[in-house]
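> Turn this into a model:
(one chain, ligands or ions: 1)
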Amino acid sequence: MHIEVTRDVLTAIRAEAEQAHPQECCGILLWAGGRVARIITARNVHPAPETHFEIDPQALIDAHRDERAGGPAIAGYYHSHPNGRSGLSAQDRRNGAGDGKLWLVIAGDTVTIWEDGPDGFTSVSYQVIER
Ligand SMILES: [Zn+2]
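Residues are numbered from 1 along each chain as shown. Presented below is the predicted three-dimensional model:
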């Protein structure tokens, strides 16, 4: 799978990750014009936010409701790894739902994207576009 992500999205996620440090930030990725071009920031409601994330369920409910009402489609989710380890953790892999959504992980300057498919996560290549 290959996708396009806007530079604005990556800049926003990077800033949020830095602000949340040493906790993990998290949120929702949205499609716009066939690209990942918008995000919804969400609270990390996990009780151990320095090593885990759980997107505020209300943010997910709201995003799904908007999608059903004709709003932007949910592309997937993002979170940060304050420990700097790029890619998915073992815990992330266990948490996959197999629903085809994208998972974006930011660790320092490294951004990786994965597809949460029925047979597990697979790496997604991406191109950063200016708009
Ligand atoms: Zn993770």
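> what is Arg38 paired to in the beta sheet?
Leu30 (DSSP bridges).
> Same question for the one 4 residues further on.
For Ala42, the residues forming beta bridges with it (DSSP bridges) are Cys26.
> Tell me the confidence at it?
Per-residue pLDDT puts Ala42 at 98.
> Tell me how many other residues surround it.
23 (other Cβ atoms under 10 Å). Every residue, glycine included, has its C-beta placed from N, CA and C.
> how far away is it from Ala59?
Ala42 sits at a distance of 4 Å from Ala59 (criterion: Cβ to Cβ, to the nearest Å).
> swap in Pro22?
22 Å.
> who's more crowded, the two?
Ala59 (17 against 9).
> OK, contacts around the more buried one?
Gly27, Ile28, Ile40, Ala42, Arg43 (Cβ atoms under 8 Å, 6 or more residues apart in numbering).
> go again using 10 Å as the cut-off
Listed by Cβ atoms under 10 Å, 6 or more residues apart in numbering, the contact set of Ala59 reads Cys26, Gly27, Ile28, Ile40, Thr41, Ala42, Arg43, Val45.
> where does the residue nearest to Pro22 when sequence neighbours are not counted land on pLDDT?
Closest residue to Pro22 apart from its sequence neighbours, by Cβ to Cβ, 6 or more residues apart in numbering: Pro82 at 4.8 Å. On pLDDT, Pro82 comes in at 97.
> Over to Arg93?
With respect to pLDDT, Arg93 has a value of 96.
> isn't there a strand covering it?
No. Counting by DSSP: H, G, I helix; E, B strand; the rest coil, Arg93 is not found in a strand; it is helix.
> Which residues are in contact with it?
By Cβ under 10 Å, 6+ apart, the neighbours of Arg93 are Gly87, Trp103, Trp114, Asp116, Gly120, Phe121.
> hmm, back to that, tell me the one among the contacts of Ala59 nearest to the ion.
Cys26 (9.1 Å; Cβ to the ion).
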